[in-house]
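[1] this one's structure only:
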Ligand SMILES: Cc1cc2nc3c(=O)[nH]c(=O)nc-3n(C[C@H](O)[C@H](O)[C@H](O)COP(=O)(O)OP(=O)(O)OC[C@H]3O[C@@H](n4cnc5c(N)ncnc54)[C@H](O)[C@@H]3O)c2cc1C
């Protein structure tokens, strides 16, 4: 069992920020992530709302986070976090390789993308179906692709795909998009993107890889067949909180309920970023949470003495 003052769980924007502040506060901590570093931010094509970058690609942003860790001599433990348990007033974190005992936890494991749960989806996953346009879009460069979803991620990634091919279908089950107005306008004014609403995907076609989709119009019940080589799913996410083995910190959807200082009902357990019950899940918020939490953790440890 490795003893440390703080376990920082997750090296996305939030966990990296918390780690930098803890390091500068001379706190003994470990930062654990199963990789890839940079979290979800690394999976987007273009980030153009995080100052001071006018625009930066997701992979470049993730690399800059990694450089910040190196610059601050912060080592990452590349391990899978399996459970986080209470151990008296301390915490026990069990990973695929080690057990850690710590006085405080910063929990920033983010979210996992939801899937459509259609027949044959698992079979065709990575054979035309993906949750990451920036990772896999290039494999289908120049071919017809589809995106399903109605939030910012779906809109942004549809715009990205339109830069590498001439035909992108954007499928959404409602007539209105949830994403911000600027992206909605950009998508509507892009002649490479065809918006299909209110449609759901009824079935997936293809033998060894995706070849087409049958859509169902939820208002008229009309069916439509689309020939596509790739489908990117952006249909929501669930918080990565199953590994937490104590009560009182989650809401009914599994997101962690935090106070204004990022503390929770459980003393010593702090959380931030996408995994918490907030309205806006974005890099600026995740980074702010990490800074805020580390300051609270430093005060918490001081009060324990
Ligand atoms: C397609 C897409 C486009 C986006 N575009 C933008 C944008 O333009 N601007 C913007 O501000 N935001 C954007 N976002 C949102 C942004 O990426 C997130 O808000 C941000 O990454 C949240 O940071 P986080 O640190 O809370 O969590 P995450 O970035 O999700 O990081 C969580 C970390 O925890 C690790 N982890 C999870 N489970 C385990 C485990 N069991 N064991 C070990 N490690 C684990 C993961 O590897 C990951 O590194 C986008 C998101 C997506 C999906």
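    Perfect, thanks for sending it. None of the values given here were measured: they were computed from a predicted structure.
[2] only C-alpha atoms for contact and neighbour calcs from this point on.
    Fine.
[3] most centrally placed residue in the protein?
    By C-alpha atoms, centre = their mean, the chain has its centre lying nearest to residue 40, at 4.0 Å.
[4] now do the SS call for that residue.
    helix (DSSP: H, G, I helix; E, B strand; the rest coil).
[5] equivalent analysis for residue 182, please.
    helix.
[6] how many neighbours does it have?
    11 (other C-alpha atoms under 10 Å).
[7] same deal with residue 183?
    Residues near residue 183, counting by other C-alpha under 10 Å: 19.
[8] quick check: closest non-adjacent residue to residue 269.
    Once flanking residues are discounted, residue 269 sits nearest to residue 105: 5.0 Å by C-alpha to C-alpha, 6 or more residues apart in numbering.
[9] wait, is that neighbour part of a strand?
    Yes - under three-state DSSP, residue 105 falls within a strand.
[10] neighbours around the residue nearest to residue 137 when sequence neighbours are not counted, how many?
    The spatially closest residue to residue 137, leaving aside those adjacent along the chain, is residue 161, at 6.7 Å (C-alpha to C-alpha, 6+ apart). Per other C-alpha under 10 Å, the neighbour tally for residue 161 reads 28.
[11] who touches stretch 164-184?
    137-138, 141-156, 158, 161-162, 192-200, 218 (C-alpha atoms under 8 Å, 6 or more residues apart in numbering).
[12] thinking again about what came up before, and the residue nearest to residue 269, how close does it get to residue 90?
    Look at residue 105 and residue 90: by C-alpha to C-alpha, to the nearest Å, they are 9 Å apart.
[13] what is in contact with the two at once?
    Taking C-alpha under 8 Å, 6+ apart as the contact rule, residue 105 and residue 90 both touch residue 268.
[14] so between those two, which is more surrounded?
    More neighbours surround residue 105 than the other of residue 105 and residue 90, with 27 against 17 (other C-alpha under 10 Å).
[15] other SSEs contacting the top helix by length along the chain?
    The longest helix of the chain (DSSP state H) is helix 283-304. Applying 3 or more C-alpha pairs under 8 Å, 6 or more residues apart in numbering; DSSP states H and E, one finds that helix 283-304 makes contact with helix 13-24, strand 99-107, strand 269-271.
[16] and the last one, anywhere near the ligand?
    Same thing as strand 269-271. No - using C-alpha under 6 Å from any ligand atom, strand 269-271 never reaches the ligand; the gap is at least 9.1 Å.
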